[in-house]
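Q: let's see this in three dimensions:
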Amino acid sequence: MIYIKDDGYPCALDWLSTSQVRKGWSVASEKYKQWSVVVMSTLAFTVCFMIWMMFAVIGIPIKQTLGLNETQFGVLIAMPVLTGSLIRLPLGMWTDRFGGRIVFFVLMLSTVVPIWMISLGTEFWHYLVTGLFVGVAGGSFTVGIAYCARWFPRNRQGLAMGIFGAGNTGAAVTKLVAPMIVVGWGWTMVPRVYAVLMLVTAIAFWFLTYSVPAHKVSKTITVREQLLALKDPRVWRYCQYYSIVFGGYVAMALWMTKYYITEYGFNLQTAALLAAAFSIPGGILRAIGGHFSDKFGAHTVTWWVLWVSLLCLFFLSYPQTQLTIMTVGGPQTFHIGLNVWVFTALMFTMGIAFAIGKASVFKYISDDFPHNIGVISGIVGLAGGMGGFLLPIIFGALVDLTGVRSSAFMLMFGIIWVSLLWMYFTEVRPIHKSQQ
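A: Numbering: from 1, shown residues only. Modelled structure (predicted):
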């Protein structure tokens, strides 16, 4: 385990004698710093994710006001995800170079004004532009995951990253809080409240976190050397997995509130509450995924996550159907489809699977790239974020083209099936061959 000496530089406790400990090495102080960093980073990430996902709620009254179609609505709610995805790679590189604390702090401050300006928009393009700037908050994951991981030894990094990743619960918090603000004071109050919340969180984060010079990569390492990781096929495979467990999570979190309204006829508050059944486990159970990944390995956990998700999507994909059968007594019509409770139970199960999978994918990264976590997490996070950006737009386009709302789940089913085949031929089959 790593501990910090009075001069601010780390050393392994195993290297120290009793006399050295007495001369200024503080185990208790170091543990406090570790958990202070994790707790504050998780809180900050939760707030960032709340803001990143707020169009899932305020986008609905905006859609009604502007008369948007399904595809335009998909573009609206996905726009913040675009920026939050594209910026992850440079943020990962900056985190390695300058340290997670300063990068996280500046990132949060940079979004305060754009968040407030959303409340002043009147045209479609106003929300698209402000959404792009607000989307920077989504890049906080790449910063925080590398920042937290470096404070812990390798055998506990999965748990630390899992705890931090529980900040995904911000999606559920937005679904619980934002509708109440909308009903009480109108949707324009949501970005105003969130702007103040972001500012307060940024200040608290700065005063309650710490930095260690040794956590930064050497200044002699060039950007070109950092980007050489793109040649590694493992990175692209992890990108594919993460585009499902995170990209799919973001897309579904954005899409589900409106799905409950249009498919089952609920009002905004009830729809958002039911949609939180998917978002809540998708966030808070990520720490459990980190623990499982430390114990059973990233490959085993990810393999089963994909299979559970595939099974859930098989049932979710079936559209509401009226089946008429000609019998001897005349035509008999049967309704086939998921009622709201079965649908919600399947979404809840898939939320659990995605939460565990998000942690297991990053366990792959900490195992395979321990000295390059920031850049690799940036690359993989970018791929996951792009999944979260593209999928809502495709969901809307599929509904406009087919008229079938469950077409979103059909698409996800196909993507996961391809990923399972890729995992089998690149990870499972080679292991079986080596054992023969």
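Q: all helices of the stretch 251-400 of the chain, in order?
A: The residue ranges that make up the helices of the stretch 251-400 of the chain, judged by DSSP state H, counting those that start in this stretch, are 268-284, 286-296, 298-316, 340-368, 373-402.
Q: how much does the last one deviate in direction from helix 340-368?
A: Relative orientation of helix 373-402 with respect to helix 340-368: 150 degrees, computed using axes from the mean of the first three to the mean of the last three CA atoms, to 10 degrees.
Q: give me the buried positions along helix 373-402.
A: When neighbours are counted by 16 or more other CB atoms under 10 Å, the buried residues of helix 373-402 are found to be 373-399. For the C-beta atoms, the positions are set from N, CA and C on the backbone; glycine is no exception.
Q: out of the helices of the stretch 251-400 of the chain, nearest to residue 92?
A: Proximity of the helices of the stretch 251-400 of the chain to residue 92 was assessed by CB to CB; the nearest stretch is helix 373-402, lying at 2.3 Å.
Q: what about that closest one, average pLDDT?
A: Averaged across helix 373-402, pLDDT comes to 84.
Q: helix or strand right after that helix?
A: Tracing the chain past helix 373-402, the next element assigned as helix or strand by DSSP states H and E is helix 407-423.
Q: just the pLDDT at the residue nearest to the spatial centre of the chain, thanks.
A: Compute the mean C-alpha point of the chain, and by CA atoms, centre = their mean the closest residue is residue 246, 4.7 Å away. You'll see residue 246 listed with a pLDDT of 85.
Q: thinking it is in contact with residue 388, fair?
A: Yes. In this structure residue 246 lies within contact range of residue 388 using CB atoms under 8 Å: 6.9 Å.
Q: picking up where we left off before, not counting sequence-adjacent ones, nearest residue to the residue nearest to the centre of the chain?
A: Ranked by CB to CB, 6 or more residues apart in numbering and with sequence neighbours excluded, the top spatial neighbour of residue 246 is residue 384, at 3.6 Å.
Q: and the one you found, how far from residue 84?
A: Residue 384 sits 10 Å away from residue 84, taking CB to CB, to the nearest Å as the criterion.
Q: go on, residue 292?
A: In this structure, residue 292 lies at 27 Å from residue 84, with CB to CB as the measure.
Q: which one of these two is surrounded by more residues?
A: Legend: neighbour count by other CB atoms under 10 Å for residue 292 and residue 84, higher for residue 84 (30 against 23).
Q: list the contacts for that one?
A: 52, 135, 136, 137, 138, 139, 385 (CB atoms under 8 Å, 6 or more residues apart in numbering).
Q: not counting sequence-adjacent ones, nearest residue to residue 188?
A: Closest residue to residue 188 apart from its sequence neighbours, by CB to CB, 6+ apart: residue 119 at 4.1 Å.
Q: what count of nearby residues applies to residue 160?
A: Residue 160 has 26 nearby residues by other CB under 10 Å.
Q: quickly find the element holding it.
A: Under the criterion of DSSP H and E, residue 160 resides in helix 154-165.
Q: and residue 249, by the same measure?
A: The secondary structure element spanning residue 249 is helix 247-264 (assigned by DSSP H and E).
Q: buried residues, that helix. List them.
A: Residues of helix 247-264 classed as buried under the neighbour-count rule (16+ other CB under 10 Å) are 247-261, 263-264.
Q: export it as CSV, just CAs?
A: Taking Å, rounded to 0.1, in the frame of the first residue of the first chain, the C-alpha atoms of helix 247-264 are listed here in CSV:
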residue,chain,number,x,y,z
GLY,A,247,-23.0,3.9,-23.5
GLY,A,248,-26.1,1.7,-23.3
TYR,A,249,-26.7,2.8,-19.7
VAL,A,250,-26.5,6.5,-20.7
ALA,A,251,-28.7,6.0,-23.7
MET,A,252,-31.4,4.1,-21.8
ALA,A,253,-31.2,6.5,-18.9
LEU,A,254,-31.9,9.4,-21.3
TRP,A,255,-34.6,7.5,-23.2
MET,A,256,-36.6,5.7,-20.5
THR,A,257,-38.6,8.6,-19.0
LYS,A,258,-40.1,9.4,-22.4
TYR,A,259,-40.6,5.7,-23.1
TYR,A,260,-42.8,5.2,-20.0
ILE,A,261,-44.8,8.3,-21.1
THR,A,262,-45.4,7.2,-24.6
GLU,A,263,-45.6,3.4,-24.1
TYR,A,264,-47.6,3.2,-20.8
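Q: now for that helix, which elements pack on it?
A: Counting by 3 or more CB pairs under 8 Å, 6 or more residues apart in numbering; DSSP states H and E, the packing neighbours recorded for helix 247-264 are helix 55-66, helix 70-86, helix 170-185, helix 268-284, helix 340-368, helix 373-402, helix 407-423.
Q: which of these sits closest to residue 327?
A: Residue 327 lies closest to helix 340-368 among these, at 26.9 Å (CB to CB).
Q: do I have it right that residue 206 meets residue 107?
A: No. No contact is recorded between residue 206 and residue 107 when judged using CB under 8 Å, the distance being 11.9 Å.
Q: what's near enough to touch the closest residue in space to residue 355 that isn't next to it in sequence?
A: Counting by CB to CB, 6+ apart, residue 285 is the residue found nearest to residue 355 once chain neighbours are left out, at 4.0 Å. By CB under 8 Å, 6+ apart, the residues touching residue 285 are 166, 351, 352, 355, 356.
Q: hmm, back to that, looking at residue 206 and residue 107, which has the bigger crowd around it?
A: residue 107 (24 against 17).
Q: that one in helix, strand or coil?
A: Secondary structure, DSSP: H, G, I helix; E, B strand; the rest coil: residue 107 is helix.
Q: begin at 56 from here
A: Done: numbering now begins at 56, and the last item shifts to residue 162.
Q: which residues does it contact?
A: For residue 162, the contacting residues are 146, 191, 192, 194, 195, 198, taking CB under 8 Å, 6+ apart as the criterion.
Q: before we move on, back to that, contact partners for the residue nearest to residue 301?
A: Counting by CB under 8 Å, 6+ apart, residue 439 touches 140, 294, 297, 298, 300, 301, 302, 305.
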